[in-house]
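K.L.:
one predicted model, sequence on top.
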Amino acid sequence: MHCGQFLAMKCGQQHYDALTAHTTIVMIRYMILSVEKRRQEDPKSLGELFYQSFDEAADIKFEQAILLVMSLLEDILNDEDLGLTDEQMNRIMDSFIEKLPHCFRLCLQPGLAA
């Protein structure tokens, strides 16, 4: 028996909306069966394990995450193998910051409240 037979993928409708709805229901049925199979085979892979690992991860503020990304970008640009001049690196950084959404730019440059 293949997956289509097991999930009853036969649909007697020819309308696009009916086929889309039927396919969606079949995929939801597949996801429910997959989760149930996983629960039966490995109960530690759901719920409690997630919360245990989540508690161990330190929370960082959004601003810190943005600054970390910017620091990593700067480290990459400073790589000697790239051979970029200071002017080129500054232009790349400025261009990157300029293309960020306004709320992200505010995190990087607090004086940019315009």
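P.N.:
Cool, the structure landed.
K.L.:
any buried residues in stretch 74-91, and which?
P.N.:
Of all the residues in stretch 74-91, those buried under the rule 16 or more other CB atoms under 10 Å are L77, L84, M89. The way it works is simple: take the backbone N, C-alpha and C, and place the C-beta from them, glycine included.
K.L.:
what is the end-to-end distance of that stretch?
P.N.:
Between the opening and closing residues of stretch 74-91 there is a gap of 12 Å (CA to CA, to the nearest Å).
K.L.:
just the closest of the buried residues of stretch 74-91 to K37, please.
P.N.:
Nearest to K37, judged by CB to CB, of the buried residues of stretch 74-91 is L77 at 47.1 Å.
K.L.:
show me what whichever helix or strand R105 is part of is packed against.
P.N.:
Using DSSP states H and E, the element containing R105 is helix 102-108. Applying 3 or more CB pairs under 8 Å, 6 or more residues apart in numbering; DSSP states H and E, one finds that helix 102-108 contacts helix 62-77, helix 86-99.
K.L.:
output it as PDB, nothing but the C-alphas.
P.N.:
The C-alpha trace of helix 102-108 is given here as PDB (Å, rounded to 0.1, in the frame of the first residue of the first chain):
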ATOM      1  CA  HIS A 102      14.100  51.400   9.700                       C
ATOM      2  CA  CYS A 103      13.500  49.600  13.100                       C
ATOM      3  CA  PHE A 104      16.800  47.700  12.700                       C
ATOM      4  CA  ARG A 105      18.700  50.800  11.800                       C
ATOM      5  CA  LEU A 106      17.400  52.400  15.000                       C
ATOM      6  CA  CYS A 107      19.000  49.500  17.000                       C
ATOM      7  CA  LEU A 108      22.300  50.200  15.300                       C
END
